[in-house]
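Asker: got a sequence here, can you build the structure:
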Amino acid sequence: MTDWSRLHHAYGTAEDIPSLLDRAGSDPQDSSWDDLWSRLCHQGTVYSASYAALPALTEMARRWTPPDRQAPLHLAGSIVASTDRPYGAEDPRVTYASAMAELAQLTEEALRLPGLASTDYVDLLSTLLSFQGVEVWCEQLDGLNDEEYEVPCPACGSENFIVFGKYGFFSTIDSMYMKSTTARKVPLQPQAPSSLEGLAQRLHNRALADGHPDIAHKLTYVFGTAQCADCDEVFSVEKAIVTRWGA
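Answerer: Next comes the predicted model:
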């Protein structure tokens, strides 16, 4: 039995977590989920109680059908992905290895749901990467939903917005690019699908197989090249993202 009184969350002792888990476990739409998020993964920070909640979140995801299990999967994935951990805490992927394997499988099932919205698909794909231990992208893949990344040019340091979506496919240093502007926009160069390797290839192939060609298309730009709209340096978008958000 977990002694929750000896554990802590964002607001202090974790004695209230069992009741919140019980209430949340009765309904994926229950307001208790907001309380669990604020306590167990507060602005990306996790606590001793966060890891202790993983078995209960796994049990919920196992019990619920694929369309309903996104709430426990997302919370568990964010807890596992967090790099803002208690001092000396063990890696949850090691301590809870069996739970990670099951959570990954449960996420796989949810990803294959027909008709899944693109935004939900990206969120679940990020969650899967968390359970698989893929650093950086488990947290930064959501740029696919935002349709932009803001990264510094590796040569001059100017902040470039890498834009790929409804506003076009370009780099710019103007943060108001979505409005009428005369700011310079430099076209992005996507990576040919046949040239993708490693994680990029795996994500691209998976998105196509799961029926999300729009996500696959965006990935060719995320793993392509950009040209700095300030100094004209050509750089890898992927490397710029990993450099900014990597350890």
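Asker: show me where pLDDT drops low in this protein?
Answerer: For the chain, the stretches with pLDDT under 70 are 247.
Asker: is the residue of it most remote from its centre in a helix, a strand, or coil?
Answerer: Distance to the chain centre peaks in the chain at T182, reaching 33.1 Å (criterion: CA atoms, centre = their mean). Under the three-state scheme (DSSP: H, G, I helix; E, B strand; the rest coil), T182 adopts coil.
Asker: relative to Q227, how far out is it?
Answerer: 18 Å (CB to CB, to the nearest Å). All C-beta spots, glycine's among them, are computed from the backbone N, C-alpha and C.
Asker: just A104 next, same as before
Answerer: A104 is 37 Å from Q227, by CB to CB.
Asker: next one: R6
Answerer: 54 Å.
Asker: looking at the two, which is more packed in?
Answerer: Q227 (18 against 12; other CB atoms under 10 Å).
Asker: is the more buried one in contact with S236, as I believe?
Answerer: No. Applying CB atoms under 8 Å, one finds Q227 not in contact with S236, separated by 11.4 Å.
Asker: neighbours of the nearest residue to C228 once chain neighbours are set aside, how many?
Answerer: Using CB to CB, 6 or more residues apart in numbering and skipping the chain neighbours, the partner closest in space to C228 is C153 (3.9 Å). Look at C153: counted by other CB under 10 Å, it has 22 neighbours.
Asker: try R112
Answerer: 13.
Asker: contacts only, for it.
Answerer: 66, 210 (CB atoms under 8 Å, 6 or more residues apart in numbering).
Asker: begin at 14 from here
Answerer: Sure thing, new numbering starts at 14, so read that last one as R125.
Asker: what distance do you get for it to K252?
Answerer: Counting by CB to CB, the gap from R125 to K252 is 31 Å.
Asker: hang on, the earlier thing: the residue nearest to C241 reaches I175, doesn't it?
Answerer: No. Using CB under 8 Å, C166 is not in contact with I175, being 10.8 Å away.
Asker: so what sits against both of these two?
Answerer: With CB under 8 Å, 6+ apart, C166 and I175 have common neighbours A253.
Asker: please work out which residues outside the lengthiest strand in the chain touch it.
Answerer: Using DSSP state E, we find that the single longest strand of the chain is strand 172-178. Contact with strand 172-178 is made by 160-166, 182-188, 190, 198, 201, 231, 234-235, 239, 241-243, 250, 253, as judged by CB under 8 Å, 6+ apart.
Asker: likewise stretch 206-222?
Answerer: Contacts for stretch 206-222 (CB under 8 Å, 6+ apart): 124, 134, 138, 147, 150, 204, 226, 228-229, 232-233, 235-236, 251.
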